[in-house]
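*Asks:* How does the following fold in three dimensions:
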Amino acid sequence: MSLQVEKRINDRSIINVIHELSERRCEYVDPLTGLRCNNYVDGEPHHIKTRGAGGDDIQENQIDLCGEHHTKAHTGEIKRQTLIQIVADREGMTYDEICKKIRLHPKEYLTNNEATSTNNNTVQSDQPNVTDLINAYIQLDEQENDSRWLKGQLLDSMLNAGAKQSWLAHQLRVSAAQIRELCKVYRAFPDEGMRIPLLNWYHHRVAANSPDPQKYIVMAADQELSTREMRKVILEQEGGIEHDKQEQTKEQKKAEKLFLDLEKVIASGGEASKWLKKKLAEILGCDVKVA
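*Replies:* Below is the predicted model:
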C-alpha cells in the first residue's frame, strides 16, 4: 500500500452531500443490535481513509459520525470494516466496491486474530496488522493536530474574557510561551477556511510567524514545502526586506550625525562656516547668503 499523500481539495460540496444523506444524524450502526445512532452531527464527516494516509475527499470515503462515535473511530474502538460496510449500504454498493473506490484492499484491515482465507486455508495472524498500526498512528497525529487549534481557540477566548496569561499558565500547568504560540497561530488562521487541511499545524505555525501568514501557507501548499523549506523561503524573502530596512536605518543615522556636525561648523562662524555654506549651496543648487 502506498502512503504517498496526494494533493487534494477539501470539497465543501461533498461534505454538504454527506450531511444531506445523513440528515446530519450519526450514521453509525451497531453491528450487534443493528440499531443506528442517529445523534446530531456537529462538524465535518469522518474520513474512513484519513487524509494523512492519502484518503480522498470523495463521498465514498466519508461518513457522518457524532462526537462519541467520531472519537471511537479515531481510537480504533470502531473498526474500519464496520464503517466501510455502513457506507456500502448507504451508497448501494458492495464492501469490496467501496474498498476499491477509496483505494483499500478488502483484506488489508483485518486485525489481530481475525481469519484470512487463502486458497480455502485459514490463516490466523498473531501479530497486529502493520497498516492498521500506521493508520492508527496517523489518526492520533491528526487528533493532536486538531487539538492544537482547539486549544488556541480556547486560550484566545479566555484571554479575551480577561484572564491573565501568567494565571492561565499556572492553572493549566503550561508555559506562558506555549500559550502565546497557540494563540498566535490560532489568531493568524481563526477560520477553518483560512487553513490548509493538507498541511499540519506546524506549517501554520511557521506561516503565523511571518509578516503574511496567508501568503506563505498557500505557497507551502502549492509548492509542497516542508516546514524547513518554508522557513528558508520566508527568511530569503522577508529577510531581504528586513536587511533593506536595516540599511536604510543605518543611512538615516549617518545622515543625522552628519547634519549635527555640519550644524556645529556653521554655528561656529569663521572661514570654515563660509566655505561650508558655499559648498552646500552648490550641491543644493540654491542661493545661500554667506556672511
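*Asks:* What distance separates the opening and closing residues of stretch 183-198?
*Replies:* 21 Å (Cα to Cα, to the nearest Å).
*Asks:* Buried ones in that stretch, by neighbour count?
*Replies:* By neighbour count on 16 or more other Cβ atoms under 10 Å, the buried set for stretch 183-198 is 183, 185-186, 188-189, 195-196, 198. Quick note: C-beta positions are derived from backbone N, CA and C, even for glycine.
*Asks:* Show me which of the residues you listed is closest to L235.
*Replies:* The closest of the buried residues of stretch 183-198 to L235 turns out to be A188 (Cβ to Cβ; 18.0 Å).
*Asks:* Wait, that closest one touches P211, no?
*Replies:* No - in this structure, A188 is not within contact of P211 by Cβ atoms under 8 Å, at 11.0 Å.
*Asks:* Show me the shaky parts of the stretch 151-291 of the chain.
*Replies:* Filtered on pLDDT under 70, the stretch 151-291 of the chain yields the residue ranges 240-248, 285-291.
*Asks:* quick one on the thing from earlier: now render the buried residues of stretch 183-198 as JSON lines, adding secondary structure.
*Replies:* As requested, the buried residues of stretch 183-198 are exported to JSON lines (DSSP: H, G, I helix; E, B strand; the rest coil):
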{"residue": "C183", "secondary structure": "helix"}
{"residue": "V185", "secondary structure": "helix"}
{"residue": "Y186", "secondary structure": "helix"}
{"residue": "A188", "secondary structure": "helix"}
{"residue": "F189", "secondary structure": "coil"}
{"residue": "R195", "secondary structure": "coil"}
{"residue": "I196", "secondary structure": "coil"}
{"residue": "L198", "secondary structure": "coil"}
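*Asks:* can you redo those residues as a markdown table with distance to H47?
*Replies:* Output for the buried residues of stretch 183-198, formatted as a markdown table (distance: Cβ to Cβ, whole Å):
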| residue | distance to H47 |
| --- | --- |
| C183 | 28 |
| V185 | 23 |
| Y186 | 23 |
| A188 | 25 |
| F189 | 21 |
| R195 | 16 |
| I196 | 16 |
| L198 | 13 |
